[in-house]
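Asks: Sharing a model prediction with you, sequence too.
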Number of protein chains: 2
Amino acid sequence: MPTGTVCIVKFVDEPLYQRIADDLRRRIARGDLPVGSALPSESQLCEQWAASRGPVRQALSALRAEGLIGGGRGRSPVVRTSQVPQPFETLLSFSHWARSLGRTPGQRTLEIARRPARQEVADALEIDEGDPIVDLVRLRLLDGRPTMIERTTFVESVGRLLFDFAFDPDSRSIYAYLADQGVDLSVARHVFDAVAADPTDASLLEVPEGAPLLRERRRAGSASGEPFEYSDDRYRPDIVTFTIENAEQAHPSVGRAWRPTPADSTQTHPK
Amino acid sequence: MPTGTVCIVKFVDEPLYQRIADDLRRRIARGDLPVGSALPSESQLCEQWAASRGPVRQALSALRAEGLIGGGRGRSPVVRTSQVPQPFETLLSFSHWARSLGRTPGQRTLEIARRPARQEVADALEIDEGDPIVDLVRLRLLDGRPTMIERTTFVESVGRLLFDFAFDPDSRSIYAYLADQGVDLSVARHVFDAVAADPTDASLLEVPEGAPLLRERRRAGSASGEPFEYSDDRYRPDIVTFTIENAEQAHPSVGRAWRPTPADSTQTHPK
DNA sequence: GGGGTCCACTTGTCATGACAAGTAGCCTCG
DNA sequence: CGAGGCTACTTGTCATGACAAGTGGACCCC
């Protein structure tokens, strides 16, 4: 702490550079620092926070790594974007994603059953064939329109929670519920390909039989690496796409995208 | 520079922390520091490089951001993995990706033409409809098997290079050639969906008409954001998939995946 | 008015010193 | 012999000072 300053800090447990970064993040998110505007210079931040250049630079470096700010030697840092995508939740939870877009998600639970694991899901969940699992089949809706059909398999210890509790799968996010129950979901692997709609898919998604569907197979698990969920999700490609944004010097950002005008197939390259 | 040391440095233009980081990266990649082993402590690195803790910590922080090392307070940093994926090049260049997998890429150039831009590509390339562009259609092969059909459009200033030079599109990577010509390709946006194979796709990819194909639409450009390439790539989903690996506390990693056994459609969750 | 020069300001890099906080091994005590 | 504490070592955080390198604008000269 510089000499001659009275130290009135509440959250001394949180390091200084993090408080600086959080404050800047807040000011950017709130529009206080609009996109394109220049941030306060390092010396100004030092004065404001009564800090030395160390923590200030550490905070700016964190924002730079997140892609929030840009700039270079001799130039003040500039706000690049006001919001960073939340790839993990966006990619995992259909309802979370839909709401973040301002759309209203819906769902119809078609089946919830406990049965022995087939070979395919047993491999994915790293259990033995025939071990008990819980299958959940849901039709997901976006603004009331059939959008995706989701065939999810949980290992028994997690799937049991779906029965035990008074859980209504049609009301809230299943992941929010599982998180409340202490299930720590922190890694996921998504594999994308395309499949033809089988008769069931076709009637539920209201597309012709054999129509191309965008398939996402997802395996999710805890931080220690043990998987407990495997899912086969089939999207109507005229409603939902997936995007990857990729820069040479930055981390890729991934996301799900909604296609507003389903009739037109030759558009959507926003901005 | 610490007191009492004779300064014999060659690449003073390169900052010290970067030289330290590069050296550690090399030692990790060469297996000198195997996965799981502990790195030298900060004080040891300070001695080895005759540096203060600043640059050393900056170098370690860079490696940590790349996911190469882990560790925490009180524990020496530990090597986590010996190689980091190169998502940008892997996702961009088909031939680069194929070779990194040990497969042999091939290609047949079906068309290269200069013509006015259609509405769709004009929007994507941020030019006016009717402006001259260069179209390139290629069938890409993997181990001799038809795998993907690529319809790429370049803005005229870049596409011209494909004519000017004695360029043989069937021999080497088009991106390597363009990079040599001074084209700086550094940002890309990929949009994935599914389409049905039209008669042309079907005959070239040797699939039935109407078969589902995995489509990637790509827009690539320079660091300043101006796009100069737009592409519509259609993959046989039984050969190629795309994957996203996603952890709550880490940056997502993206990649292209090869499916070794095309006959079997209900597998491939490697590892 | 146009062009070149100079200067104040900014960020990038590095040294040095200090203390806090966490880890792991050793050692003593019960 | 086990449990607990103690200690050396590690990394995390921060202050201070210094110089290099790049930017942008004011200023002057032609």
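Replies: On my side now, so go ahead.
Asks: Write out the residues of the stretch 101-250 of chain A neighbouring chain B.
Replies: A:120, A:123-124, A:185-196, A:210-215, A:217, A:219, A:223, A:237-238, A:240-249 (C-beta under 8 Å from any C-beta of the partner chain). Quick note: C-beta positions are derived from backbone N, CA and C, even for glycine.
Asks: Nearest spatial neighbour of A:L136, chain-adjacent residues omitted?
Replies: Closest residue in space to A:L136, ignoring its immediate chain neighbours: A:T152 at 4.6 Å, by C-beta to C-beta, 6 or more residues apart in numbering or on different chains.
Asks: The one you found bridge partners, please.
Replies: Beta-bridge partners of A:T152, counted by DSSP bridges, are A:L136, A:S231.
Asks: pretty sure it is touching A:R140, no?
Replies: No. Contact between A:T152 and A:R140 fails when scored by C-beta atoms under 8 Å: they sit 11.1 Å apart.
Asks: what helix or strand is A:I133 on?
Replies: A:I133 is part of strand A:132-142 when elements are defined by DSSP states H and E.
Asks: got a list of what A:T147 touches?
Replies: A:140-141, A:205, A:235-236, A:239-240 (C-beta atoms under 8 Å, 6 or more residues apart in numbering or on different chains).
Asks: Can you classify it as helix, strand or coil?
Replies: The three-state assignment at A:T147 reads strand, by DSSP: H, G, I helix; E, B strand; the rest coil.
Asks: Look up the pLDDT of it for me, please.
Replies: We have a pLDDT of 96 for A:T147.
Asks: Near the nearest residue to it once chain neighbours are set aside, how many other residues are there?
Replies: Nearest non-adjacent residue to A:T147, counting by C-beta to C-beta, 6+ apart: A:I239, 5.1 Å away. A:I239 is flanked by 20 other residues according to other C-beta atoms under 10 Å in any protein chain shown.
Asks: Ok, A:R160 next?
Replies: If you count neighbours by other C-beta under 10 Å, A:R160 ends up with 14.
Asks: Report the distance from the helix or strand harbouring it to the chain centre.
Replies: If you go by DSSP H and E, A:R160 is part of helix A:156-164. Centroid separation for helix A:156-164 versus its chain: 23 Å, with C-alpha atoms, centre = their mean, to the nearest Å.
Asks: Now do the buried residues in the very next helix or strand once past it.
Replies: The helix or strand immediately downstream of helix A:156-164 is helix A:174-180, counting by DSSP H and E. Judged by neighbour count (16 or more other C-beta atoms under 10 Å in any protein chain shown), helix A:174-180 contains these buried residues: A:174-175, A:177-178.
Asks: so which of these comes closest to B:R256?
Replies: A:Y175 (27.6 Å; C-beta to C-beta).
Asks: Give me the pLDDT value at that closest one.
Replies: Reported pLDDT for A:Y175: 85.
Asks: do A:D170 as well
Replies: At A:D170, pLDDT is 60.
Asks: next one: the one 10 residues further on
Replies: We note a pLDDT of 80 for A:D180 in this prediction.
Asks: From A:V155, how far out is it?
Replies: A:D180 is 18 Å from A:V155, where distance means C-beta to C-beta, to the nearest Å.
Asks: How about A:P34?
Replies: As judged by C-beta to C-beta, A:P34 and A:V155 stand 47 Å apart.
Asks: more crowded one of the two?
Replies: Using other C-beta under 10 Å, the more surrounded residue of A:P34 and A:V155 is A:V155, with 22 against 9.
Asks: pretty sure that one contacts A:F228?
Replies: Yes. Using C-beta under 8 Å, A:V155 makes contact with A:F228 at a distance of 4.5 Å.
Asks: what touches both of these two?
Replies: Common neighbours of A:V155 and A:F228, counting by C-beta under 8 Å, 6+ apart, are A:L125.
Asks: State the number of residues packed around A:V191.
Replies: Around A:V191 there are 19 residues (other C-beta under 10 Å).
Asks: same check, this time on A:D143
Replies: A:D143, neighbours per other C-beta under 10 Å, totals 12.
Asks: what's the pLDDT at it?
Replies: pLDDT for A:D143: 92.
Asks: And for A:S52?
Replies: For A:S52, pLDDT reads 94.
Asks: For it, the count of nearby residues, please.
Replies: Residue neighbour count, defined by other C-beta under 10 Å, stands at 12 for A:S52.
Asks: ok, now A:R215?
Replies: Look at A:R215: counted by other C-beta under 10 Å, it has 21 neighbours.
Asks: Okay, and the beta partners of it?
Replies: A:D193, A:R234.
Asks: show me the contacts for it.
Replies: By C-beta under 8 Å, 6+ apart, the contact list for A:R215 reads A:192-195, A:232-235, B:194, B:237.
Asks: That one and B:A179: what is the separation?
Replies: From A:R215 over to B:A179 the distance is 34 Å, taken as C-beta to C-beta.
Asks: From the rest of the structure, what touches stretch A:109-116?
Replies: If you take C-beta under 8 Å, 6+ apart as the criterion, stretch A:109-116 is touched by A:129-139, A:156, A:159, A:162-163, A:169-170, A:204.
Asks: List buried residues within these.
Replies: Among those, those buried by neighbour count (16+ other C-beta under 10 Å) are A:133-139, A:159, A:162, A:204.
Asks: and the least confident of the residues you listed?
Replies: Ranked by pLDDT, the buried ones among the contacts of stretch A:109-116 bottom out at A:L162 (83).
Asks: quick one: it and A:I133 touch, right?
Replies: No. Contact between A:L162 and A:I133 fails when scored by C-beta under 8 Å: they sit 11.5 Å apart.
Asks: For the two, list the residues in contact with both.
Replies: A:F154.
Asks: thinking again about what came up before, narrow the residues of the stretch 101-250 of chain A next to chain B to those in helices?
Replies: A:120, A:123-124 (DSSP state H).
Asks: For DNA strand C, state which of those residues is nearest.
Replies: Ranked by distance to DNA strand C (C-beta to the nearest atom of the strand), these are led by A:A124 at 33.4 Å.
Asks: how about the closest one, what does it touch?
Replies: A:A124 neighbours (C-beta under 8 Å, 6+ apart): A:153, A:219, A:227, A:230, B:269.
Asks: Check A:L205 too.
Replies: A:L205 makes contact with A:139, A:146-149, A:197, A:213, A:234, A:236, according to C-beta under 8 Å, 6+ apart.
Asks: Any of those buried? List them.
Replies: For these, a burial check counting by 16+ other C-beta under 10 Å picks out A:139, A:146-149, A:197, A:213, A:234, A:236.
Asks: okay if I get those as CSV plus distance to A:L68?
Replies: CSV is the format used below for the buried ones among the contacts of A:L205 (distance: C-beta to C-beta, whole Å):
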residue, distance to A:L68
A:L139, 38
A:P146, 37
A:T147, 32
A:M148, 31
A:I149, 37
A:A197, 41
A:L213, 36
A:R234, 35
A:R236, 34
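Asks: Out of these, which comes closest to DNA strand D?
Replies: Nearest to DNA strand D, judged by C-beta to the nearest atom of the strand, of the buried ones among the contacts of A:L205 is A:M148 at 41.0 Å.
Asks: surely that closest one meets A:R140?
Replies: Yes. In this structure, A:M148 is within contact of A:R140 by C-beta under 8 Å, at 4.4 Å.
Asks: Drop anything exposed from the residues of the stretch 101-250 of chain A next to chain B.
Replies: Neighbour counting with 16+ other C-beta under 10 Å marks A:120, A:123-124, A:185-196, A:210-215, A:217, A:219, A:237-238, A:240-247 as buried within these.
Asks: and those residues, which of them are in strands?
Replies: Counting by DSSP state E, the part of these found in strands is A:187-196, A:212-215, A:217, A:219, A:240-247.
Asks: Leaving aside the residues adjacent along the chain, what's closest to A:L185?
Replies: Leaving aside its sequence neighbours, A:L185 sits nearest to A:A220 (C-beta to C-beta, 6+ apart; 5.7 Å).
Asks: The one you found: how many residues sit nearby?
Replies: A:A220 has 21 neighbours, counted by other C-beta under 10 Å.
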